[in-house]
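[1] Return a 3D structure for these sequence lines:
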Amino acid sequence: MRKLIFPTIATLIALAILLNLGFWQLNRLAWKEALIDRVKAGVSSPPVSAPGPTEWMTLSEDDDYRRVEVSGAFQKGSAYYYTALTDPVGAIGGPGLMVYVPFKSDEGWTVFVNRGFLPQGLDDNLRAEALDLPEGEVTLTGLLRLSEKPNWTTPEPDENDLIWFARDTASMAELLGVDATGLAPYSVDLDAAFTPAAGMPQAGETIVRFKNDHLGYALTWFGLAATLVGVYLTWAASVLWPRKRRDSA
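    Take a look at the predicted model:
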């Protein structure tokens, strides 16, 4: 029996880890399915008024991808979010930049608006034309996207070309000289209908297609746990009932 003590402890620890990983994937599965349902509902729902300052403190993940409407005027200056469209809704895909522009609402607060996608390597004249802003007051509709905070794996923004690798609108505002005290903690991804006649920036490119392999991962972890138990039981049987003893019996 002494031979079983340490292998049994090690097996129990490994089994606990594998089971926890399996249940964690099941939790991720539930989260991903809820996200997909929420996004589908948001994309197809009528727009509601974009949340103002009194609502900013109560925003949560449940508000992400909500379809909103806001009236006001575009302000000067653009920031860019690097991305790659592998399955674009519009005609243009590949690596490129999402164009973020500050937009001052009728109520006086500011929100960054994602006007859409510009492909990498675009001709300077076409780029200048695409960045030309609509004048005067406009009413916009699109999807609310909560701002991101970069983590340790996120590259630093390119301050010379104003390119970010996370939707960090607070950082964008700082470099563009936008007053942060009245800045919404989210941005608005414009609906595809706001793509200019020239075709760029190509709006409506919010990624709403999500890979969902969590059930497969969970089954893998549970399968490894079952295999571990089977291997342990086989080994324990060989220790408790050696072959010679079984043969003599």
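[2] tell me what the longest strand along the chain is packed against?
    Among the elements of the chain assigned as strand by DSSP state E, the one spanning the most residues is strand 94-105. If you count contacts as 3 or more C-beta pairs under 8 Å, 6 or more residues apart in numbering; DSSP states H and E, strand 94-105 packs onto strand 67-74, strand 79-85, strand 110-119, helix 169-176. (C-beta placed from N, C-alpha, C; glycine too.)
[3] which one of the ones you listed is the most hemmed in?
    Counting by mean count of other C-beta atoms under 10 Å, strand 110-119 has the highest mean neighbour count of those, with a mean of 24.
[4] I'd say Q202 and L122 touch.
    No - Q202 lies out of contact with L122 (C-beta atoms under 8 Å); the separation is 11.3 Å.
[5] More neighbours: which of the two?
    The neighbour count for Q202 versus L122, taken as other C-beta atoms under 10 Å, is higher for Q202 (26 against 16).
[6] Could you check the pLDDT of the more buried one?
    The pLDDT attached to Q202 in the predicted structure is 96.
[7] Beta-bridge partners for it, please?
    The partner list for Q202 in beta bridges (DSSP bridges) reads F117.
[8] So which residues of the chain form helices?
    2-44, 124-130, 169-176, 214-240, 243-248 (DSSP state H).
[9] what distance separates the first one from the middle of the whole chain?
    Distance of helix 2-44 from its chain centroid, counting by C-alpha atoms, centre = their mean, to the nearest Å, is 21 Å.
[10] contacting residues for F74?
    By C-beta atoms under 8 Å, 6 or more residues apart in numbering, the contact set of F74 is 101-103, 113, 133-134, 138.
[11] Distance check, it against N114.
    Spatial separation of F74 from N114 under the definition C-beta to C-beta, to the nearest Å is 12 Å.
[12] so where's this structure uncertain?
    Judged by pLDDT under 70, the chain has its weakly predicted residues at 1, 209-210, 243-249.
[13] please redo it, this time with the cut-off set to 80
    1-4, 35-36, 38-44, 207-212, 240-249 (pLDDT under 80).
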